[in-house]
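Engineer: how would this look folded up:
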Amino acid sequence: MTLNEVKSILDADMLVGHDLLEMEVNTAFGADSMSDVLTFAKPGCMLLTGLTNPQIIRTADILEIAAIIITRGKKLSPVTIALAEEIKIPVLSTKYILFEAAGRLYEKGIRGCIEKV
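Structural biologist: Now for the predicted structure:
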């Protein structure tokens with residue numbers, strides 16, 4: 001599935017990475033704990049989170065996360081947006097809560113990057 005399809009499914013706004021809407025994504029990971037993301041997320045997955053600080057961008061960069069989806073309609077600071085632009089990581093924002101966003105993506109074929117611990 002493309003990021004453009006993800007954008008449509010989640011009725012999301014594209015904050016960073018408009019030129020990357022045709023990027024293919026197949027897996028996702030959802031968490032508001034960056035230590036969980038560092039421990040369990042896999043390269044190439046989308047990260048669903050309600051966090052908005054610059055650490056989400058840095059963590060995504062370290063793990064080679066494909067895209068970040070900000071849930072709960074939260075806004076990013078200009079510093080966080082600038083860092084995402086610098087690193088060239090797509091960031092979308094949806095008003096859905098993390099659970100609903102993950103469920104909508106799962107229903108359309110996106111699977112978790114990890115099933116069990």
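Engineer: Now do the nearest residue to K88 once chain neighbours are set aside, the pLDDT please.
Structural biologist: In this structure, K88 finds its nearest non-sequential neighbour in G17, 7.1 Å apart by Cβ to Cβ, 6 or more residues apart in numbering. Glycine gets a C-beta too; all of them are placed from N, C-alpha and C. For G17, the model assigns a pLDDT of 97.
Engineer: Enumerate every residue touching G17.
Structural biologist: Residues counted as contacts of G17 (Cβ atoms under 8 Å, 6 or more residues apart in numbering) are L3, M23, A67, A84, K88, I89, P90, V91.
Engineer: Buried members of those into ChimeraX, please.
Structural biologist: Of the contacts of G17, the buried ones can be selected in ChimeraX as follows, counting by 16 or more other Cβ atoms under 10 Å:
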select :3,23,67,84,89,90,91
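Engineer: Let me have the contacts of G17 in a markdown table, extended by secondary structure and pLDDT.
Structural biologist: Below are these laid out as a markdown table (DSSP: H, G, I helix; E, B strand; the rest coil; pLDDT from 0 to 100):
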| residue | secondary structure | pLDDT |
| --- | --- | --- |
| L3 | helix | 98 |
| M23 | coil | 97 |
| A67 | strand | 98 |
| A84 | helix | 98 |
| K88 | coil | 97 |
| I89 | coil | 98 |
| P90 | coil | 98 |
| V91 | strand | 98 |
